[in-house]
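**Student:** prediction below, plus the sequence it came from.
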Amino acid sequence: CHHYTNRSCEECLKNVTCLWCASNGRCVEYPVRRVLPPAALCELRSARWGVCWVNFEALIIAMSVVGGTILITLGVCCCCCCCKKKSKKQVSERPDKDDERAARERERRRVRQEERRAEMKSRHDEIRRKYGKV
């Protein structure tokens, strides 16, 4: 990479392992062990890698904005999906609750009717015994 120092950025970046430092016109080897080049090697606003028209500072800001937007979008989508599932679940539970309530009411009515029938039968049996018709 040092062969391209004091030449052009395009020539330097033809080799993907090279980093162009625009402030001093140097072409240096990209420090692959680090994600970002150290300030001692080249400032972020002067460092170019891959293309000459984007510096690392702008790249970091752009990637942060894009990443944040994607994360927020995913979060909103997850919340929307959860809310839809909850509302569908609640809507589907309501008829079940209404059905249960109606079934309980029918059962109460049936029990009361049987109690009335038993009471009427006991009265009729009592009257029959009183008048000797049993």
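**Tutor:** The structure has been received and is ready for your questions.

**Student:** quick one: mean pLDDT for the longest helix anywhere in the chain?
**Tutor:** For the chain, the longest helix by residue count, based on DSSP state H, is helix 56-130. Mean pLDDT, helix 56-130: 85.

**Student:** and it, how far from the chain's centre?
**Tutor:** Relative to its parent chain, helix 56-130 has a centroid offset of 24 Å by C-alpha atoms, centre = their mean, to the nearest Å.

**Student:** same check on stretch 6-15?
**Tutor:** Here stretch 6-15 is found 44 Å from its chain centre; the criterion is C-alpha atoms, centre = their mean.

**Student:** domain ranges for this protein, per the record?
**Tutor:** 2-54, 62-131 (the TED database).

**Student:** looking at those domains, which is buried most?
**Tutor:** Comparing the domains of the chain by mean neighbour count (mean count of other C-beta atoms under 10 Å), domain 2-54 comes out on top with a mean of 15. No exception for glycine: its C-beta is placed from N, CA and C like everyone else's.

**Student:** may I have the distance across that domain, first residue to last?
**Tutor:** 21 Å (C-alpha to C-alpha, to the nearest Å).

**Student:** middle-most residue in this protein, spatially?
**Tutor:** Of all residues in the chain, the one closest to the mean position by C-alpha atoms, centre = their mean is Cys78, 2.7 Å from it.

**Student:** residues contacting Lys97?
**Tutor:** Residues in contact with Lys97 (C-beta atoms under 8 Å, 6 or more residues apart in numbering): none are found.

**Student:** I misspoke; the intended subject was Cys42.
**Tutor:** Leu19, Cys21, Ser23, Asn24, Arg26, Val28.

**Student:** 10 Å - rerun?
**Tutor:** Residues in contact with Cys42, defined by C-beta atoms under 10 Å, 6 or more residues apart in numbering, are 19-24, 26, 28, 31, 48-49, 55-56.

**Student:** now those residues in TSV, with secondary structure and distance to Cys83?
**Tutor:** Putting these into TSV (DSSP: H, G, I helix; E, B strand; the rest coil; distance: C-beta to C-beta, whole Å) gives the following:
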residue	secondary structure	distance to Cys83
Leu19	strand	47
Trp20	strand	49
Cys21	strand	51
Ala22	coil	49
Ser23	coil	51
Asn24	coil	55
Arg26	strand	55
Val28	strand	52
Pro31	coil	47
Arg48	strand	45
Trp49	coil	43
Asn55	strand	42
Phe56	helix	40
